[in-house]
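S.K.: 3D model of this:
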Amino acid sequence: MAVTPASLASTTLAGTSALVIDVLRASTSIITALANGCAGVVPVGDPDEARRRAAAVPGALVAGERHGDPLEGFHLGNSPLEFTRERVGGRTVFLTTSNGTGALLAVRAAAAIGVAAFVNASAAAAWAVAAGRRLVIACSGDSGRRSLEDEVCAGLIVEQVRAARPHAEVGPEAEELAGRARPYAKDLLRLAQDSPWARRLGNRGRGADLEACLTLDTFALVPIYRANVDKIVSPSG
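M.R.: The predicted structure is shown next:
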């Protein structure tokens, strides 16, 4: 369990399955994009790199944000509501965000990498169980700080994995997050008020994004980050 990407420094990723979570909003946007037929999402560290790499791929889109705001000149921001089939179907998206894309790049050494959020939490837990490896859940956090919504999502996944594998060993941080998740399990929208980042997004007129992101199991898809080709694709991709 890594509550921020910095926590991964002491985590051995080799041979593990990793789930990367950035509920608000990169993970949710990636899941939505792949569910809507996107050819692939490439996580990129900075806007200039995103522009440069997208320019070399016919029909590619650049998407992302900094501090929650869309990037000037980009085709898309980081709202899952933007990643419609009409916009992203059949196209590659180069994505750079404040937290989520950095967390994805930080787990490249894992044997398998999935993208998780509330919208696919049950599918993500099932994917982890089916893989049969030691599981590392990487929360993207908020500019180096812990993120309540990511940790609640991680805790819900821990609970589902443990229900499927009652004898699985669960570390102390995973136990902590499972306990943190329980009060929210039946009312995720409470996070719209309890999460500092959710409140900031709401104050910027992103209430529709919050509703989309704080909904459980909208999708049964777990996007897979294939680090060898540097692209997040659908499981069948």
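
S.K.: may I see the buried residues of stretch 216-228?
M.R.: Applying a neighbour-count criterion of 16 or more other CB atoms under 10 Å, one finds Thr218, Phe219, Leu221, Val222, Pro223, Ile224, Tyr225, Ala227 buried in stretch 216-228. Glycine gets a C-beta too; all of them are placed from N, C-alpha and C.

S.K.: so which elements touch the helix ranked longest in the chain?
M.R.: With DSSP state H setting the assignment, residue counts place helix 148-164 as the longest helix in the chain. Taking 3 or more CB pairs under 8 Å, 6 or more residues apart in numbering; DSSP states H and E as contact, the helices and strands that helix 148-164 lies on are strand 17-21, helix 121-131, strand 135-139, helix 172-181, helix 191-194, helix 196-203.

S.K.: turn the ones you listed into TSV, columns for mean pLDDT.
M.R.: Output for the helices and strands packed on helix 148-164, formatted as TSV (pLDDT from 0 to 100):
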stretch	mean pLDDT
strand 17-21	98
helix 121-131	97
strand 135-139	96
helix 172-181	95
helix 191-194	98
helix 196-203	96
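
S.K.: of these, which is nearest Arg53?
M.R.: Of all the helices and strands packed on helix 148-164, it is strand 17-21 that lies closest to Arg53, at 20.0 Å by CB to CB.

S.K.: next secondary structure after the closest one?
M.R.: Next in sequence after strand 17-21, counting helices and strands by DSSP states H and E, comes helix 26-35.

S.K.: one step back: format the helices and strands packed on helix 148-164 as TSV; extra columns: mean neighbour count and distance to Ile30.
M.R.: Output for these, formatted as TSV (neighbours: other CB atoms under 10 Å; distance: least, CB to CB, whole Å):
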stretch	mean neighbour count	distance to Ile30
strand 17-21	29	9
helix 121-131	21	12
strand 135-139	26	14
helix 172-181	17	21
helix 191-194	16	19
helix 196-203	17	17
